[in-house]
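# Predicted structure and sequence below. I'll ask about it afterward.
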Number of protein chains: 2
Amino acid sequence: MKLINRDTDYAVRALVYMARSPQQVCSAKALVDELRMPRAFSRRLLQVLSREGILKSSKGKGGGFRFRKLPAKIKLKDLVEIFQRDFKETRCIFKKKICPDIRTCPLRHKIQGIEKKVVDELAAVSIADLS
Amino acid sequence: MKLINRDTDYAVRALVYMARSPQQVCSAKALVDELRMPRAFSRRLLQVLSREGILKSSKGKGGGFRFRKLPAKIKLKDLVEIFQRDFKETRCIFKKKICPDIRTCPLRHKIQGIEKKVVDELAAVSIADLS
DNA sequence: CAATAAGATACAATAATAGTATCATTAAAG
DNA sequence: CTTTAATGATACTATTATTGTATCTTATTG
């Protein structure tokens, strides 16, 4: 069903790894070594987490990434929102063509109810819960 | 979030249309006219529903498709299973590489729990409910 | 200033989805 | 028995999304 994609999946693993680790700082290289991620990928992943306020970075020798938010405050929902563009809105596939009004469409109504529940579930799980 | 894709979406609309219609038989052409579907698409859609046992078909002049199963017995889950190949199993993205065992992975465990709930929700909605 | 690490961004390869076209077969109507 | 209206089967192209990689710049430490 693919609720989560590769990026989210790797992000969770990286963050769980960091939460478990006694070290405060984690470099992109550490993920390559410890989680066997492709190097280019590990770089990109950590950069995004940093830009989005999950981690904070320090450059230069001995630098790397550390948590900005507490693991207990980082929810699966946050990560899915960052890494899955399709997550935020339920677009109507039919646009103007068939669907007269998304608000009155019974299918949309049901589907959105289900999606709402999924979001609530994802919001209830944190990195700390997985560590 | 895209729980359902285009094919499922169109299929639901076609079936709801048929369930509402006083006519017993519906041709591919009727969907083109009534739901403004692309012709080639309407053809393919009805053929699949027929092959999968949702509809039955009759060839030749005056032919078309009619329900084989009662609308109340056709669940969203059935349609999603037919039209979305990704639906059935949660594959582990990491295969042999990182993930030591999918059964002990806490992320997978949580995700599968959520997916289970989605399936239950989809199994609770029928075409008749939407008509 | 040399080495290490992140910042930013651009590119290429692959896979999934969306959309179309064609020829064969069947059945009813005249 | 020919015409017409319908489905059966299948193959193909185009578009979009995902996945994976590379490169050059900037900052920090020793």
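Perfect, thanks for sending it.

# and chain A, which residues reach DNA strand D?
For chain A, the residues in contact with DNA strand D (C-beta under 7 Å from any atom of the strand) are A:5-7, A:38, A:40-41, A:43-44, A:58-63, A:84-86. In this view, the C-beta of every residue, glycine as well, is placed from N, C-alpha and C.

# If we use 6 Å, what do you get?
On the criterion C-beta under 6 Å from any atom of the strand, DNA strand D has as its neighbours in chain A the residues A:5-6, A:38, A:40-41, A:44, A:59-62, A:85-86.

# Keep the residues you listed, but drop any that are not near chain B.
Counting by C-beta under 8 Å from any C-beta of the partner chain, A:5-6, A:86 from the residues of chain A next to DNA strand D sit close to chain B.

# does A:Ile4 count as helix, strand or coil?
Following DSSP: H, G, I helix; E, B strand; the rest coil, A:Ile4 is assigned to coil.

# Hmm, it is touching A:Asp86, no?
No - in this structure, A:Ile4 sits apart from A:Asp86 without contact. The criterion is C-beta atoms under 8 Å, and the distance is 11.4 Å.

# So which of those two has more stuff around it?
Just comparing A:Ile4 and A:Asp86: by other C-beta atoms under 10 Å in any protein chain shown the higher neighbour count belongs to A:Ile4, 24 against 11.

# which residues does A:Gln24 contact?
Neighbour list for A:Gln24: A:Arg66 [criterion: C-beta atoms under 8 Å, 6 or more residues apart in numbering or on different chains].

# Check the spacing between it and A:Pro106 real quick.
52 Å (C-beta to C-beta, to the nearest Å).

# Once you drop chain neighbours, what's closest to A:Ile114?
Residue nearest to A:Ile114 in three dimensions, not counting chain neighbours: B:Glu121, with 4.6 Å by C-beta to C-beta, 6 or more residues apart in numbering or on different chains.

# coming back round to it: turn the residues of chain A next to DNA strand D into JSON lines, columns for secondary structure and distance to B:Lys117.
Compiled in JSON lines, these are given as follows (DSSP: H, G, I helix; E, B strand; the rest coil; distance: C-beta to C-beta, whole Å):
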{"residue": "A:Asn5", "secondary structure": "coil", "distance to B:Lys117": "20"}
{"residue": "A:Arg6", "secondary structure": "helix", "distance to B:Lys117": "23"}
{"residue": "A:Pro38", "secondary structure": "coil", "distance to B:Lys117": "33"}
{"residue": "A:Ala40", "secondary structure": "helix", "distance to B:Lys117": "36"}
{"residue": "A:Phe41", "secondary structure": "helix", "distance to B:Lys117": "31"}
{"residue": "A:Arg44", "secondary structure": "helix", "distance to B:Lys117": "32"}
{"residue": "A:Lys59", "secondary structure": "coil", "distance to B:Lys117": "43"}
{"residue": "A:Gly60", "secondary structure": "coil", "distance to B:Lys117": "46"}
{"residue": "A:Lys61", "secondary structure": "coil", "distance to B:Lys117": "48"}
{"residue": "A:Gly62", "secondary structure": "coil", "distance to B:Lys117": "45"}
{"residue": "A:Arg85", "secondary structure": "helix", "distance to B:Lys117": "24"}
{"residue": "A:Asp86", "secondary structure": "helix", "distance to B:Lys117": "20"}
